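Visitor: following is a predicted model, sequence given first.
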Amino acid sequence: MSETALQLLFASLMIATYAAIAFELLHKTIAALVGALVLTAVGIATGVLPHYTAVYDMLGHDLPILAVIIGTSILVELAGQSGLFHFLAIRIVKQTGGHPIRLFLALQLLVFVFAALLTIVPAMLIVSGLSLVICKSLRLSPTPYLLGIAFASNSGTLCTFASGLPTLMIGTAAKIPYAQFLVVSLPFALVSLVVCYLWTRHAFRRDLVLPQSEQAMAELEATVSAFDEWALAPDLKAFTRAAVILSLTIVGFAVAKPLGVGPDFIALVGGAAMLLFHGKHVEETVKKINWTVILFFSGLFIIVGIVKETHALERVAGALTALTGDSVPLSVAIVTWFSGLASAIVDNIPVAATMIPMVPAMDSVPHEPLWWSLIIGANLGGNATPIGSISCVIALHALAKEAGIHVGWGRFLAVGGVLMALQLFLATLWIIGYDAFDLLPALPPTLPTEPTGH
Amino acid sequence: MEDKDRNDELVHANVERFQAALEAGLARVEGTEHLKSLVAVLDGSDQDGSTLALVRELAIPRKLAVVLTCGHLEAGPEAEDRIVLDAQQSLAADGLDATVLLSSSAENHLRLRAVRTAHPDACFLLPSPFGHDYVDLAQKSLGTAVEVALAESTAPTLVVRGPIGAIAAEPLSRPHVVLRESHRASARAVSVALGLLEEHEVIAGTLSMSFVHDGPASPLVDEVRAIGFGANVETLLPLLPHGLSALLRQVASMSEQHGGLRLDLRLVLPGEEAIDEDFERGRLHILPRKPGSPHVDAAIQDFVLGSSDPVLVVPARA
């Protein structure tokens, strides 16, 4: 079989798997595992893979990502059981005095910080629960608050190496040190949060109504002040231990490189410390690690790894290079917008996994701006559609199940689609500007992995 | 699909957790609450003796106003009035000057409703089952009048039970609060219990509290349950749902402030709330009634039907 035919065959199988995920024909984990098995079998039959054990080499490269997921899952689960995050959430909300606009801002800030520290799913689960209860208590419409936090959480995933799964994947592949996130993507995360707040406040201006009288405002304040944050932290010792271990782990991430270890090591040490000092129910905690995501990742890494063996992704990268030439602005714009738009339609994890091998192959421009473009595009693209990001899916489901409110595609696109366009436009300018002023720190070279057999 | 279902469940769990925090904030124990006045409803059965004994014990030291009335009897209005006037005379012998309300409406629950409208803050003392001497019925039903009174009252209601014609010794000095979840009525139940133990602004005595564990089973839960009364605060706190732990922490802090207040705590499973004791060592059981429900909770019904001690049902404040 010719190389082109092989590339078309394997790319078609990969796209078929992604379609099954995007259209929910199969659970995404099952789709990824079945896709991996089919591609492995076809790979062996066509000689792309010398032996099925070649997939273990592919998985081996990505073990650090799985280790970070396992370690942080344990950390977040046990810290969550201690009531630490719920406690902090109520403390912050009480500061707003029940003022609808301040509350709108506080919830977005809260989910942004939680997404940066805990990753997007735990952050959304906690803050959407809080938002629903507060809105019900204060008789506010929950739609602006839930959608606002869904959008703001996507900005939070840009903050650090471990804030979002696409960020973690891209950061690991590009070998981006933790500290560089604080210099490049954290400032942009803050900018995108400001854009998110201003735009959503404008878009929901009719829903965010201020109380008509001082008495009504006093009632809102009294309701919010009735929250007892200590009721959510029943065991003060466990609460303190969780706070200390989590803080040390965050510091550990920041100093991992000088210590000569990776974030995977720090995450596992943090998880183990939490189990050692705080884990009363080890079996229950370990069960709560998101094994479906780990299996999904494993399948995906195998699929992308096999397609990479056929050089199909290099070929697409080559086509892109031919289009952009040595223009950094054009390359940045294409990677940012392509990854953003693709993430609005498909889960952003497959998008990131597929584009990771393409960036090193675009060798007519420096790779640094492209990696950051990919990180921002993949994380913020999901704001555009109701299915684009897990945070939007959680928010829309919570609205439907807990408040009986259904938000249609049209209404969502009018807010989320515009927001994504604004954020990606700014991101493109941001990265081009950083590159133009030579502000992007250099990264270690990332050569495409040597083929295993083809 | 499964991920979405899982996330939906976790969002809901967080909603309940934050709701508990809100309820816990509303359920703050704010000092003691004292009964304001009493309305004793007699029914001509032997349980009237128990009712009047409790009236004496509650009203004399606290100088509470007492109103006596009678439920509808087949024997007619004259017999009803005779019962009330006899009771008034009996209380007068102990120096208690009670007001009487003579018969009016035929339906018991309508009659009680009219009395409650006139005395909205009074604690009603009702025999259960109301208007019957039948022991079999006493094990099956609270009686319509009692159920309506419990469901509608915004003041505590004392359901008089037990061996007919007698009452266990000093139940009022031995309050036992049963708590299964945190809400405004839970905090009020604790305040009322503390009020019963307060004399001249000093809270003294033993407050027994049973916490009903609705969470998952674990060896630690079994271990604490096996202790029975006598579990310590630190052991119990991690096992309680959010809200109840905050309530316990408040009561423990009051116990530290008031040297004479002793806490006797235990953890029980649903259905284990009753206390198996000698008749002479009876207690006053205090049960909070969850706000917002038009009916009396099944847990309260079951407890009252299974108890031979008086039960004080405390609703949320209006």
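Guide: Perfect, thanks for sending it. Bear in mind the structure is a predicted one, so any value in this text is a computation, not a measurement.

Visitor: contacting residues for residue B:212?
Guide: Applying CB atoms under 8 Å, 6 or more residues apart in numbering or on different chains, one finds that residue B:212 lies in contact with B:178, B:179, B:180, B:268, B:269, B:270, B:272, B:273, B:299. (Glycine included, C-beta is placed from N, CA and C.)

Visitor: if you set the cut-off to 7 Å instead, what comes out?
Guide: Taking CB atoms under 7 Å, 6 or more residues apart in numbering or on different chains as the criterion, residue B:212 is in contact with B:178, B:179, B:180, B:268, B:270, B:273.

Visitor: which of those count as buried?
Guide: Restricting these to buried positions leaves B:178, B:179, B:180, B:268, B:273, with burial counted as 16 or more other CB atoms under 10 Å in any protein chain shown.

Visitor: and residue A:210, how many residues sit next to it?
Guide: Neighbour count for residue A:210, taken as other CB atoms under 10 Å in any protein chain shown: 10.

Visitor: and if you look at the one 10 residues further on?
Guide: Here the number of neighbours of residue A:220 (other CB under 10 Å) works out to 22.

Visitor: for stretch A:225-243, buried residues please.
Guide: Result for stretch A:225-243 [16+ other CB under 10 Å]: buried residues A:226-235, A:238-239, A:241-243.

Visitor: and it, end to end?
Guide: Stretch A:225-243 stretches 24 Å from its first residue to its last (CA to CA, to the nearest Å).

Visitor: tell me the mean pLDDT for it?
Guide: For stretch A:225-243, mean pLDDT rounds to 77.

Visitor: export only the CA atoms of stretch A:192-201, formatted as CSV.
Guide: The C-alpha atoms that make up stretch A:192-201 are tabulated as CSV, following Å, rounded to 0.1, in the frame of the first residue of the first chain:
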residue,chain,number,x,y,z
SER,A,192,-9.6,36.6,29.1
LEU,A,193,-11.4,36.5,32.5
VAL,A,194,-11.9,40.3,32.4
VAL,A,195,-13.2,39.9,28.8
CYS,A,196,-15.5,37.1,30.0
TYR,A,197,-16.8,39.1,32.9
LEU,A,198,-17.4,42.3,30.9
TRP,A,199,-19.0,40.5,28.0
THR,A,200,-21.3,38.2,30.0
ARG,A,201,-22.3,41.1,32.3
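
Visitor: so which helix or strand takes in residue A:109?
Guide: Element membership for residue A:109 (DSSP states H and E) is helix A:100-118.

Visitor: by contact count, what packs against that helix?
Guide: helix A:84-95, helix A:120-138, helix A:142-156, helix A:185-203 (3 or more CB pairs under 7 Å, 6 or more residues apart in numbering or on different chains; DSSP states H and E).

Visitor: one step back: among the contacts of residue B:212, which pair sits farthest apart?
Guide: Taking CB to CB, the two most distant members of the contacts of residue B:212 are B:179 and B:270; they sit 12.3 Å apart.

Visitor: contacts for the helix holding residue A:109?
Guide: A:76, A:85, A:89, A:92-93, A:95-96, A:123-124, A:126-127, A:131, A:134, A:140, A:144-145, A:148-149, A:152-153, A:155-157, A:159-160, A:163, A:193, A:196-197, A:201, A:208-210, A:250.

Visitor: that helix versus helix A:185-203: what angle between them?
Guide: 150 degrees (axes from the mean of the first three to the mean of the last three CA atoms, to 10 degrees).

Visitor: pull out the buried positions in helix A:100-118.
Guide: For helix A:100-118, the buried set under the neighbour-count rule, 16+ other CB under 10 Å, comprises A:100, A:103-104, A:106-118.

Visitor: now residue A:47. Its backbone dihedrals?
Guide: Residue A:47 adopts backbone torsions of phi 80, psi 0, taken as degrees, to the nearest 10.

Visitor: which helix of the chain spans the most residues?
Guide: I'll assume chain A. helix A:236-259 (DSSP state H).

Visitor: that's the other chain; I wanted chain B
Guide: helix B:2-26.

Visitor: average pLDDT for that helix?
Guide: Helix B:2-26 comes out at a mean pLDDT of 78.

Visitor: likewise for stretch B:72-85?
Guide: Mean pLDDT, stretch B:72-85: 82.

Visitor: with just CA atoms, put it into PDB.
Guide: What follows is stretch B:72-85, C-alpha atoms only, in PDB (Å, rounded to 0.1, in the frame of the first residue of the first chain):
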ATOM      1  CA  HIS B  72     -65.500  16.400  71.800                       C
ATOM      2  CA  LEU B  73     -67.000  13.500  73.800                       C
ATOM      3  CA  GLU B  74     -69.900  11.200  72.900                       C
ATOM      4  CA  ALA B  75     -71.300  11.900  76.400                       C
ATOM      5  CA  GLY B  76     -72.100  15.500  75.400                       C
ATOM      6  CA  PRO B  77     -71.200  19.000  76.300                       C
ATOM      7  CA  GLU B  78     -72.100  18.800  79.900                       C
ATOM      8  CA  ALA B  79     -69.700  15.900  80.500                       C
ATOM      9  CA  GLU B  80     -67.000  17.800  78.700                       C
ATOM     10  CA  ASP B  81     -67.500  20.800  80.900                       C
ATOM     11  CA  ARG B  82     -67.500  18.700  84.000                       C
ATOM     12  CA  ILE B  83     -64.100  17.200  83.100                       C
ATOM     13  CA  VAL B  84     -62.600  20.700  82.500                       C
ATOM     14  CA  LEU B  85     -64.100  22.100  85.700                       C
END
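
Visitor: pull out the buried residues from that stretch.
Guide: B:72, B:73, B:80, B:83, B:84.

Visitor: tell me which of the helices and strands packed on helix A:100-118 sits most buried.
Guide: helix A:142-156 (a mean of 28; mean count of other CB atoms under 10 Å in any protein chain shown).

Visitor: how much space between residue A:362 and residue B:271?
Guide: Residue A:362 sits at a distance of 68 Å from residue B:271 (criterion: CB to CB, to the nearest Å).

Visitor: higher neighbour count, those two?
Guide: Shown here are residue A:362 and residue B:271; by other CB under 10 Å, residue A:362 has more neighbours (20 against 11).

Visitor: shouldn't the more buried one be in contact with residue A:332?
Guide: No. Residue A:362 is not in contact with residue A:332 according to CB atoms under 7 Å; the separation is 10.8 Å.
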